[in-house]
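Student: got a predicted model here, sequence first, then my questions.
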Amino acid sequence: MPLRVTLLEAVRVAWMPSNGALHGPALDVLMRWNLIALCLCFLVAHVWLIAAILRRWKSKPATAPKALPWLILTALCAMYVWMAVTSQRLWANSRFAGPAPAAMQVEVVGEQFQWYFRYPGEDAAFGVTRPELVNAAEGNPLGLDGRDARGKDDVVSSVLVLPVGREVDLRLRSLDVIHGFFIPGMRLKENAVPGLVLHVHFTPSVIGTYPILCSQVCGSGHARMQAMLSVVSQAEFQAWLAARERTRIQEGAP
Amino acid sequence: MRLRVFTTSHRALGILYLLLALVAVIAGTLLSLIMRLHRIWPDLAVPFFGTIKPEGYLALVTMHGTLMIFFVLTTAPQIGFANLVLPEQIGARGMAFPRLNAAAFWLTALALLVLLAAFFVPQGAPISGWTSYPPLSAVASAGPGEGAGMDLWLASIAIFCLASWLGAVNMLVTILGERRAGMTWSRLPMTVWAWLVTSILTLLVFSVLLAAIILLFSDRHFGSSFFVPRGDLVNGHIVGHGDGSPLLWLHLFWFFGHPEVYIAVLPGMGLATSLFANFARRRVAGYRVMAAMLVAIGLLGLVVWGHHMFVSGMNPYAGTAFALTTMAIAVPSTVEALGWLTILWGGRLRLRTPMLFALGFLSFFIAGGLTGPILAQPALDAYLHNTFFVVAHFHLVMAMAGVFSIFAGIYYWFPLISGRMMNESLGKLHFWITLIAAYGTFFPMHFSGLAGEPRHYERLAGPVTSFSAIAANERGITFSALLLASAQLIFLWNIFTSVRRGRVAEANPWEATTLEWAPEMGRGRVERGPYEYEIPANETIFHPQWELASKQE
Amino acid sequence: MPATFTRHPVEIERKDTGIGGKPPLDRRPTGGGGDGDNWENRPSGRRGPRELLTRYRLGVLFALAGDLMFFVALVSAFFVRQSAGHFDARENYVSDWHPLAVPPILWINTAILILSSLTMEMARRQLFHEIDVMDEWLGLGRPAVKRAAPWLVATFTLGSLFLAGQWIAWKQLVQQGFRYNSPDPSSHFFYLITGTHGIHLLLGVIALAAALGALFILRRIELRQIVVDCTAWYWHTMGLFWIFLFALLVCFQ
Ligand code: HEA
Ligand code: HEA
Ligand code: CUA
Ligand SMILES: [Cu+2]
């Protein structure tokens, strides 16, 4: 058993971190097939190359083949078409179709060099934010406008906590420069671009914790701009949210 | 050969361009070594730099990428080699506009100086990568180096745009107007086709980059808002006051950036074709197809830029469209690769040093090119984008293939530069160490990328990640990079000694057929194709373009 | 030397007449229109009087093609920026693009520029007037220069007038409160487009002055032809660019 684990770990070095998202397995399979196919092409081409080098000592040189290259070309073109088609399906599933109406809304805000996550609270609506009001020292890192009633129950957190098995719809924003929102374990990446609100949706399917990284160079703290995603059970999530809600009301934040 | 500095001789200018690229490549390599060392020993103090701060690492990456892409791979294989041999290859008496040529070189040199000056201004060099995405690059307070350093970067690249523009005009006019009688399109050496396509691309895309740089500069200093969105809050101050769009920069930049990488590799492809034909003593199978594919790569290259932007917030439908065009561009590249393999089929290759490097070029082009179609799939790129997988892709297909084509060219044309041959044994030693160390450096980067390691990370371990699983991998990469860089000392030593003490070269040492090897060209018409070799009966049969067809037949 | 190559007899050095148009009839026994003779079959540099001209024209053409892309980039940025907007506090989508009414003086400037293109063309044609060129070739003075110079001066004046007009337009806009850095993106674009085009024209005016000087300094007529011809093509293209840019500023705000 331990041996198998270490073996697995050794393979992991060369592979993606373990997957925790519903759409992940299909993507992993696709990635694996792609890599296998291209490794094969690499090998075939190099065998050819090395054979050509080694045939130096043969007395009779062969004449250049006529049909073989075209055959290989056709095969390769077929492979490219296969790649384009299969991966478009996955892309379309995740990006063309919007999230289900029941999906949970969470806002992700990137800022040099931090990620913030905002939950809309019971009213399921985010309060208005204004850049003028941003003041992390006073507990208002996102610039929530206190006059907006919808923002009263918004919860702002620096960890992303999500219930397992429920689709989430992330609203990506950035306050300053372009950041890259990247959760390797969720096979998810999308830039957070100032001035735009971008949506990505996915369903966490395995309980656990996953690092969140910044994948777009954004300044001197780029490598430190990390956060944690923790996928928990539905009940734990409710408890966590309620606790955050309570402390928020006690503190009387804006 | 004596070099006058303010010369208008195209060959001397070609050598000057190569020397400039050499300075840039040495600087860029030193920067990359410091980066590599810092990645495995973050607390190591390096000479001149001390312990490297996070912004210091980013400045190194930015300057490394800029030096290598612009000042090495856009100058040496394109205008450098073109100045060296293009006029002779087409039987012209020189470049069409010699003074313009010299002006272009001096502008390039100025651009290099301005770029390097960025290290010495307060706060140092810019940190936003060679792609300089705004708002990071548009707001001086967004990070160290984004003030004066960024201004110098923009100035340098703007000058570089003008210089490459002049160079491209010169090359185009030379190719179109100065060909020797009888030098028809189907008798052009493949390198000339490549230079033709890259010059057209240069004209088309560097102008766009220049426009983008002017817009960015205006955002930085004249209060406009092309790229900075409303309410943008940097360092506690609201800097955005209009609905600028950072995505606009991405579109403009990558419209330039993607053709730019083909500008970097097409001359290498042309050169590889020539060398394969020469050292395999074979005609280029399907010459017309091969030439047409170079043109096709150039044309298609103008419509694929969005594959760098799959997850940048671009419309996902546009992502699909760009994915399809990108897949389409893999086809002409595949045809080229298969064409080369066909030339090589059957063996009896003469494995001289230039040929070895051309073979290395092919190997890297395949190794790096093949990951292209993976990155071209938006679903997979959504995982791989901006990870070391991409770094592996472009170092194999661009950096190493490109550098190998430079090496091949230098070993091949060295007799034209100095009248002497380079040392073969040293050349072979250099080749094998470089080949192995280059794979050792850049192949494992795929694994770091698959493990999720993003680019521009100054250290592996962050607050919530350790990436400990790839630490060994990264160490191996660094050691291999050190070996790779030290192998280049062999090359420099080889040049240094061969210039003065190398074996004196005969007039046509490689038994080539293209015109640059005819020391005093006859005034005859060209009546032969560029690669007329015949293998079967007698190994040494070849028909140079300066020979008359009627005499042989 | 593994290969030998044949040497052709060196061609008789012939004086290029530098005449635009057809090559002159040459009655010498070699070359010059005998059977199968073709300018294109000669080595470069000996392909007849038009060779240099063609070379420079080609250079200008390519440079202008690159330049075209520069303006295409600006124009596409214009359209992108125009369609940009943001959500205001009440979640309404608003655009900050306020169409800018171009100062009426631009119409006059445009007319001046078109006129200058005409005068430029006149100047260019003078230098290619075959009879004049013949005269000069035969040593009968420089009629072409005399006739072209006034047209060049006229173009120079009109070009400078255009630039002055653009400057006045800027002044007027500034008086109305549109500065480069005022928050209106349309004003950035107005200044940027007129500004970059103005720089191109400034270069053109300098080239005109240089051409005027060259007309009197250069001794070979074909060099004079080249200077004027290339300046003319540059000038025409800038005029054309301006018409498109002006249409953009007027109609697509
Ligand atoms: C031509 C392009 C080129 C070349 C040759 C190289 C060479 C190398 N590169 Fe670089 N690299 C880039 C282009 C290139 N790179 C770019 C564009 C980036 C991205 C920057 C960004 O994100 O902004 C990058 C980024 C980059 C990173 C990523 C940093 C990060 O994101 O955190 C790393 C990390 O290891 C790296 C390492 C190296 C190493 C070890 C080499 C070594 O192989 C160096 C060894 C050198 C040689 C083998 C060449 C020697 C050649 C000669 C001596 C011939 C010269 C002769 C004449 C000209 C006459 N590079
Ligand atoms: C010379 C440079 C060069 C070349 C030629 C290429 C070639 C290709 N590139 Fe690459 N690319 C770069 C330089 C280059 N690239 C750089 C510098 C970046 C990063 C920029 C940055 O972000 O800083 C990049 C990034 C990049 C991305 C974006 C990744 C990301 O940031 O997320 C993508 C995505 O589609 C891509 C795709 C491709 C494709 C499809 C090709 C194709 O043209 C490849 C075609 C070649 C082949 C397909 C191989 C053919 C050979 C065979 C098929 C052999 C078969 C034989 C047998 C089987 C016998 N490239
Ligand atoms: Cu945020 Cu990198
Ligand atoms: Cu690309």
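Tutor: Done, it's in. Ligands and ions are numbered 1, 2, ... in the order given.

Student: can we go C-alpha only for contacts and neighbour counts from here?
Tutor: OK.

Student: can you map out the strands along the stretch 151-253 of chain C?
Tutor: All residues of the stretch 151-253 of chain C lie outside strands when identified by DSSP state E, counting those that start in this stretch.

Student: show me what residue of it gets nearest to chain B.
Tutor: Here the residue of the stretch 151-253 of chain C nearest chain B is residue C:181; by C-alpha to the nearest C-alpha that distance is 4.7 Å.

Student: could you double-check that that residue sits in contact with residue B:220?
Tutor: No: checked against C-alpha atoms under 8 Å, the pair residue C:181 and residue B:220 is beyond contact range at 11.2 Å.

Student: circling back to that earlier point, count the neighbours of the nearest residue to the residue of the stretch 151-253 of chain C closest to chain B once chain neighbours are set aside for me.
Tutor: Excluding the flanking residues, the one nearest residue C:181 by C-alpha to C-alpha, 6 or more residues apart in numbering or on different chains is residue B:223, at 4.7 Å. Number of residues near residue B:223 (other C-alpha atoms under 10 Å in any protein chain shown) recorded here: 18.

Student: what about residue B:223, distance to residue A:131?
Tutor: 19 Å (C-alpha to C-alpha, to the nearest Å).

Student: low pLDDT regions in chain B?
Tutor: B:1-5, B:347, B:519-524, B:535-540, B:548-553 (pLDDT under 70).

Student: near ligand 1, which residues of it?
Tutor: Residues of chain B found near ligand 1 (C-alpha under 6 Å from any ligand atom) are B:18-19, B:21-22, B:25, B:29, B:32-33, B:36, B:61-62, B:65, B:68-69, B:73, B:76, B:129-130, B:395, B:399, B:403, B:455-457, B:481, B:484-485, B:488.

Student: just the buried members of the residues you listed?
Tutor: B:18, B:21-22, B:25, B:29, B:32-33, B:36, B:61-62, B:65, B:68-69, B:73, B:76, B:129-130, B:395, B:399, B:403, B:455-457, B:481, B:484-485, B:488 (16 or more other C-alpha atoms under 10 Å in any protein chain shown).

Student: so which of those are in strands?
Tutor: Judged by DSSP state E, those include no members of strands.

Student: who in the stretch 1-150 of chain B is up against ligand 2?
Tutor: Residues of the stretch 1-150 of chain B lying near ligand 2 (C-alpha under 6 Å from any ligand atom): none found.

Student: now the strands for the stretch 1-150 of chain B?
Tutor: B:45-46, B:50-51.

Student: please apply the same query to the stretch 201-350 of chain B.
Tutor: B:233-234, B:237-238.

Student: so of those strands, which one's packed in deepest?
Tutor: Greatest average neighbour count among these goes to strand B:233-234 (a mean of 22), per mean count of other C-alpha atoms under 10 Å in any protein chain shown.

Student: near chain C at all, that strand?
Tutor: No: against chain C, strand B:233-234 shows no contacts by C-alpha under 8 Å from any C-alpha of the partner chain, the least distance being 15.5 Å.

Student: residues contacting that strand, please?
Tutor: A:131, A:175, A:176, A:177, B:139, B:141, B:142, B:239, B:240 (C-alpha atoms under 8 Å, 6 or more residues apart in numbering or on different chains).

Student: spatially nearest residue to the residue nearest in space to the middle of chain B, not counting backbone neighbours?
Tutor: The centre of chain B sits closest to residue B:73, judged by C-alpha atoms, centre = their mean, with a distance of 2.8 Å. Nearest non-adjacent residue to residue B:73, counting by C-alpha to C-alpha, 6+ apart: residue B:264, 5.2 Å away.

Student: so what's that neighbour up against?
Tutor: So residue B:264 contacts B:69, B:73, B:74, B:77, B:78, B:398, B:402 (C-alpha under 8 Å, 6+ apart).

Student: what about residue A:95, distance to residue A:175?
Tutor: 24 Å.

Student: and residue A:22, by the same measure?
Tutor: Taken as C-alpha to C-alpha, the span from residue A:22 to residue A:175 is 30 Å.

Student: cool, residue A:151 as well?
Tutor: From residue A:151 to residue A:175 the distance is 18 Å (C-alpha to C-alpha).

Student: the two: who's more crowded?
Tutor: Higher neighbour count among residue A:151 and residue A:175: residue A:175, with 26 against 22, using other C-alpha under 10 Å.

Student: contacts for the helix or strand residue A:115 falls within, please.
Tutor: Assigned by DSSP states H and E, residue A:115 falls within strand A:114-119. For strand A:114-119, contacts defined as C-alpha under 8 Å, 6+ apart pick out A:105-110, A:126, A:154-160, A:225-227.

Student: if any of the residues you listed are buried, give me the ChimeraX selection for them.
Tutor: In ChimeraX syntax, the buried subset of these is picked out as below (16+ other C-alpha under 10 Å):
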select /A:105,106,107,108,109,110,126,154,155,156,158,159,160,225,226,227
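
Student: contacts for stretch B:239-254?
Tutor: Against stretch B:239-254 from outside (C-alpha under 8 Å, 6+ apart): A:193-195, B:131, B:133-135, B:139, B:208-209, B:212, B:224-233, B:305-306, B:308-309, B:312-314, C:73, C:77, C:80-81, C:84-86, C:95-96, C:183-185.

Student: the residue of the stretch 251-400 of chain B found nearest chain C - how many residues pack around it?
Tutor: Nearest residue of the stretch 251-400 of chain B to chain C, counting by C-alpha to the nearest C-alpha: residue B:252, 7.5 Å away. Neighbour count for residue B:252, taken as other C-alpha under 10 Å: 22.

Student: just the pLDDT for the residue nearest the centre of chain A.
Tutor: Residue closest to the mean C-alpha point of chain A, counted by C-alpha atoms, centre = their mean, is residue A:188 at 1.5 Å. Residue A:188 is assigned a pLDDT of 91 by the prediction.

Student: equivalent analysis for residue C:32, please.
Tutor: pLDDT at residue C:32 comes out at 40.

Student: so what's the closest residue to ligand 3 within the stretch 151-300 of chain B bridging to?
Tutor: At 12.6 Å from ligand 3, residue B:234 is the closest residue in the stretch 151-300 of chain B, using C-alpha to the nearest ligand atom. Listed by DSSP bridges, the beta-bridge partners for residue B:234 are residue B:237.

Student: what's the separation between it and residue B:214?
Tutor: Residue B:234 sits at a distance of 22 Å from residue B:214 (criterion: C-alpha to C-alpha).

Student: quick one on the thing from earlier: just checking, the residue nearest to the centre of chain A touches residue B:383?
Tutor: Yes: with contact defined as C-alpha under 8 Å, residue A:188 reaches residue B:383; the gap is 6.3 Å.

Student: thank you kindly, that will do.
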